[in-house]
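In: Here is my input, please return the structure:
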Amino acid sequence: TESDFEVMREIVDGNTEERLRTFFYSFSNDVKNVIIKMTKNQKTDRYVTCYNCTEEIKGNSTSKIEFKNEPKIINKQYEIKNEPIIPVMNEVSGGEYQRITYGFFGKIKREGPIYRINDFRISKYPITQKEWINIMGNNPSFFKGDNLPVESVSYYDVQKFITKLSQKTGINYRVPTVYEWEYAAFGGNKSRGYEFAGSDYLESVAWVYTNSDEKTKPVGTKKSNELGIYDMSGNVYEMTSTKREREVDSYIVKGGAYNSNTESCKIMTDRYVNYKDKKQNLGIRLIEIIK
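Out: Model (predicted):
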């Protein structure tokens with residue numbers, strides 16, 4: 001980074017925690033010591049100034065923290081514990097929503113009708129294969145892994161999953177409308193107007209063709225959006241309950257996937273799938289209406 005300020009801004013505003021989980025095991029002990037001292041809970045245990053921090057990074061002072069044992073596994077991804085049935089849900093406060101387009105120089109233009117969005121809860125992550133197996137007893141996915149998003153399911157398969165899930169939990173789940181999905185992806189009433197879900201820089205929030213090795217990735221391993229919701233851009237397309245205009249056999253899917261280009265991952269981009277189709281880049285996210 002260019003300055004002491006840039007160092008600390010990256011720590012405070014960046015995605016430092018996620019990066020540490022991914023790369024900590026490969027750092028030298030000197031670097032680990034500096035990082036640990038940066039993130040101490042007690043203010044008195046941390047660096048007094050940015051200057052102290054950067055001087056230690058340069059090797060001009062010595063941290064006295066010692067490692068007795070190297071951690072075996074630091075890269076902790078989202079884990080489903082205790083065989084849960086109920087998906088992890090985030091609350092979304094309702095409000096008015098009007099679809100937007102981006103003009104020259106990224107200028108936002110709002111157009112069309114204004115929709116009233118009621119309060120609801122939405123899956124914090126795409127539904128995973130383990131969550132699907134817990135309810136359906138099978139795994140139809142092309143790419144296999146408990147914490148990978150379930151895919152290769154049709155819209156009709158998902159309705160069966162929702163029926164069984166609702167019966168077991170007593171909670172009424174459903175697929176979001178395109179307006180509910182977009183409202184949540186933009187960050188609801190906390191929206192900063194990003195083109196992608198959580199950022200204007202795609203690869204910070206999404207697994208796409210440039211960084212995915214042409215396969216799905218464990219959910220929750222990229223940066224979330226303003227509401228703490230993950231993977232609404234990239235990884236797998238997500239179903240909506242909104243039909244394609246003038247088409248009786250297809251519906252709108254959103255968000256792009258691991259093999260998508262930039263345009264497909266924009267929040268406002270619509271793609272279309274037949275209700276019977278099962279695609280290895282198409283998954284699901286559910287909502288629950290708050291009464």
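In: only C-alpha atoms for contact and neighbour calcs from this point on.
Out: Noted.
In: So Val236 sits against Pro149, correct?
Out: Yes: counting by Cα atoms under 8 Å, Val236 touches Pro149, with 7.3 Å between them.
In: Spit out the residues that contact the two alike.
Out: Overlap of the contact sets of Val236 and Pro149 (by Cα atoms under 8 Å, 6 or more residues apart in numbering) consists of 216, 283.
In: Between those two, tell me which one has more neighbours.
Out: Neighbours were counted for Val236 and for Pro149 using other Cα atoms under 10 Å; Val236 has more, 35 against 30.
In: Which helix or which strand is home to the nearest residue to Ile171 once chain neighbours are set aside?
Out: In space, and not counting its chain neighbours, Ile171 is closest to Glu288: 7.5 Å by Cα to Cα, 6 or more residues apart in numbering. Assigned by DSSP states H and E, Glu288 belongs to strand 287-289.
In: Check Arg285 too.
Out: Under the assignment here (DSSP H and E), Arg285 is part of no helix and no strand.
In: residues near the nearest residue in space to it that is not next to it in sequence, how many?
Out: Spatially, and ignoring its direct neighbours in sequence, Arg285 is nearest to Pro126 (4.9 Å; Cα to Cα, 6+ apart). Here the number of neighbours of Pro126 (other Cα under 10 Å) works out to 30.
In: And the helices in the stretch 51-200 of the chain, which stretches?
Out: 129-136, 155-169, 178-186 (DSSP state H, counting those that start in this stretch).
In: Point out the other elements, helices or strands, that the shortest one touches.
Out: It stands for helix 129-136. Using 3 or more Cα pairs under 8 Å, 6 or more residues apart in numbering; DSSP states H and E, the elements in contact with helix 129-136 are helix 155-169.
In: Need the three-state assignment for Ile252.
Out: strand (DSSP: H, G, I helix; E, B strand; the rest coil).
In: what residues does stretch 243-252 touch?
Out: So stretch 243-252 is in contact with 178, 239-242, 270-275, going by Cα under 8 Å, 6+ apart.
In: what's near enough to touch Asn281?
Out: Contacts of Asn281 (Cα under 8 Å, 6+ apart): 151-152, 216, 235-237, 257-259.
In: and the residues you listed as a markdown table, adding secondary structure?
Out: Listed next are those as a markdown table, based on three-state DSSP:
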| residue | secondary structure |
| --- | --- |
| Glu151 | coil |
| Ser152 | coil |
| Thr216 | coil |
| Asn235 | coil |
| Val236 | coil |
| Tyr237 | strand |
| Ala257 | coil |
| Tyr258 | coil |
| Asn259 | coil |
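In: Please produce a markdown table containing those, extended by pLDDT.
Out: Output for those, formatted as a markdown table (pLDDT from 0 to 100):
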| residue | pLDDT |
| --- | --- |
| Glu151 | 98 |
| Ser152 | 98 |
| Thr216 | 98 |
| Asn235 | 98 |
| Val236 | 98 |
| Tyr237 | 98 |
| Ala257 | 98 |
| Tyr258 | 98 |
| Asn259 | 97 |
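In: Need these in JSON lines (columns: distance to Tyr173).
Out: Converted to JSON lines, these look like this (distance: Cα to Cα, whole Å):
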{"residue": "Glu151", "distance to Tyr173": "18"}
{"residue": "Ser152", "distance to Tyr173": "20"}
{"residue": "Thr216", "distance to Tyr173": "25"}
{"residue": "Asn235", "distance to Tyr173": "22"}
{"residue": "Val236", "distance to Tyr173": "20"}
{"residue": "Tyr237", "distance to Tyr173": "19"}
{"residue": "Ala257", "distance to Tyr173": "23"}
{"residue": "Tyr258", "distance to Tyr173": "26"}
{"residue": "Asn259", "distance to Tyr173": "28"}
